[in-house]
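Engineer: give me coordinates for this.
(chains A, B, C and D)
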Number of protein chains: 2
Amino acid sequence: MRTGRPRDERVRLAILTAAQELVLEKGYAAVTTADVAARAGAGKQTIYRWWPGKGALVLDAFSEWVSQAPRMSRHKPSLSSTLVEFCRGAGEAAPVLRALMAEAQFDEDLHRRLIAQLVRPRGDELRACLADRRPADRELVVNVLSGLVWQRLMLNEPLDARFVRFALRVVQRI
Amino acid sequence: MRTGRPRDERVRLAILTAAQELVLEKGYAAVTTADVAARAGAGKQTIYRWWPGKGALVLDAFSEWVSQAPRMSRHKPSLSSTLVEFCRGAGEAAPVLRALMAEAQFDEDLHRRLIAQLVRPRGDELRACLADRRPADRELVVNVLSGLVWQRLMLNEPLDARFVRFALRVVQRI
DNA sequence: TTTTTACGAGACTCGGAGTCTCGGAAACAA
DNA sequence: TTGTTTCCGAGACTCCGAGTCTCGTAAAAA
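Structural biologist: Presented below is the predicted three-dimensional model:
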């Protein structure tokens, strides 16, 4: 059994909540770890004890944001609905996704985390909607779609309904 | 006539050259404006007099790097050769492109410059290779291709010959 | 009770971005 | 020639955020 005082779950949640709120209010770049600690009523050291840095913290605070799609449906979700739902979530959090991907370019560890916690899961969701395609085709479509999305994000163009229609049209023609 | 001492062209080139060398040697993040000034034998203020910051400087130092394709051919360049040539240039400078696109996410002015000096021109080159397509198709193909490239860059996957084959296969099926 | 780890708080170091100032140089104008 | 304007190298300087260190205290297990 692990000895010593255990990690306080309420503190963990307070920090994640504070990070999410502050980033949505002021934007990723304008938020400091000191800000997060202050709003959470925590010490900076408590943040650095459990997260390697601001990037990983914000990633944890948002990694489930995008995929809060209603999983209640017992049907296999359609490609269209998956894409719509993703763009809805990613649309609100677009500045955060841009900032995380940007920061990850300067931080290998964060880059790995970002791919494992955000990029790969979204790709898997898409893949699951393409079970009827040939495997080679499937990878091709997934690559094209996520390419379009990330390009759109980094170029700061909206992930709106018009984009979804465009993306679906592309897929249809492959 | 503009009065006062004119800008020294040799200094301008020395700064651009120093920036390019240093970034290739040590990587974008590890280079400071003080480093560039030192190697160029210039003062920091001379850099800040002509460029708003490190990002814009490095962008200028590399903005023609990618498209040093031999324009000697009087034939219209093929999509294949354009893509190969672009990936060859972008392959070597991939870390720089990643860093510039990343930094641009935190700097609106740099973002505009990056799109105007790098993103748009490459898109135009691609577009010129697709003159035989219907205009709507053309935009679609350009979007898909540049989406694949930027995704590849930000995910730190190689822009190698295998990728070019993949991209061309995608285009062929649209 | 002792040991071990977590916690809040705050002081601290470190490094890079960008600014300011100074003495001097290169152009133009009177 | 002299004065004005802008450029230049050099270096000191401020500002700010990331991350570290320490201290007194709290909560769990041995």
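Engineer: please make it C-alpha for all contacts and neighbour counts, starting now.
Structural biologist: Fine.
Engineer: please name the nearest non-neighbouring residue to residue A:143.
Structural biologist: residue B:148 (7.1 Å; C-alpha to C-alpha, 6 or more residues apart in numbering or on different chains).
Engineer: contact partners for the one you found?
Structural biologist: Residue B:148 sits next to A:143, A:144, A:147, A:148, B:167 when contact means C-alpha atoms under 8 Å, 6 or more residues apart in numbering or on different chains.
Engineer: let's go with 10 Å and repeat that
Structural biologist: Neighbouring residues of residue B:148 by C-alpha atoms under 10 Å, 6 or more residues apart in numbering or on different chains: A:143-151, B:142, B:159, B:163, B:166-167, B:170.
Engineer: please report how far it lies from residue B:2.
Structural biologist: 47 Å (C-alpha to C-alpha, to the nearest Å).
Engineer: what of residue A:1?
Structural biologist: Taking C-alpha to C-alpha, one finds residue A:1 at 78 Å from residue B:2.
Engineer: just residue A:162 next, same as before
Structural biologist: Where residue B:2 is concerned, residue A:162 sits at a distance of 49 Å (C-alpha to C-alpha).
Engineer: which one's more surrounded, those two?
Structural biologist: Comparing residue A:162 with residue B:2 by other C-alpha atoms under 10 Å in any protein chain shown, the one with more neighbours is residue A:162, at 9 against 5.
Engineer: the helix or strand hosting the more buried one: which residues count as buried?
Structural biologist: Residue A:162 belongs to helix A:161-173 when elements are defined using DSSP states H and E. Within helix A:161-173, the residues that count as buried by 16 or more other C-alpha atoms under 10 Å in any protein chain shown are A:163, A:164, A:167, A:170, A:171.
Engineer: go on, stretch A:91-108?
Structural biologist: A:91, A:93-106.
Engineer: contact partners for residue A:165?
Structural biologist: The neighbours of residue A:165, taking C-alpha under 10 Å, 6+ apart as the test, are A:80, A:83, A:84, A:171.
Engineer: can we see that at 6 Å?
Structural biologist: With C-alpha atoms under 6 Å, 6 or more residues apart in numbering or on different chains as the criterion, no residue contacts residue A:165.
Engineer: quick one: it from chain B, how far?
Structural biologist: Distance of residue A:165 to chain B, given as C-alpha to the nearest C-alpha, to the nearest Å: 12 Å.
Engineer: and that residue, what pLDDT?
Structural biologist: If you check residue A:165, the pLDDT there is 95.
Engineer: which bits of chain A sit near chain B?
Structural biologist: Applying C-alpha under 6 Å from any C-alpha of the partner chain, we find that chain A lies next to chain B at A:102, A:147, A:148, A:151, A:173, A:174.
Engineer: and the first one, what's its pLDDT?
Structural biologist: What that stands for is residue A:102. Note on residue A:102: pLDDT of 98.
Engineer: the helix or strand where residue A:18 lies and DNA strand C, any residue contact?
Structural biologist: Per DSSP H and E, residue A:18 falls inside helix A:9-26. Yes - using C-alpha under 7 Å from any atom of the strand, helix A:9-26 reaches DNA strand C at A:9, A:11, A:12.
Engineer: make JSON lines out of those residues and add pLDDT and neighbour count.
Structural biologist: Putting the residues of helix A:9-26 next to DNA strand C into JSON lines (pLDDT from 0 to 100; neighbours: other C-alpha atoms under 10 Å in any protein chain shown) gives the following:
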{"residue": "A:9", "pLDDT": "97", "neighbour count": "9"}
{"residue": "A:11", "pLDDT": "97", "neighbour count": "15"}
{"residue": "A:12", "pLDDT": "98", "neighbour count": "16"}
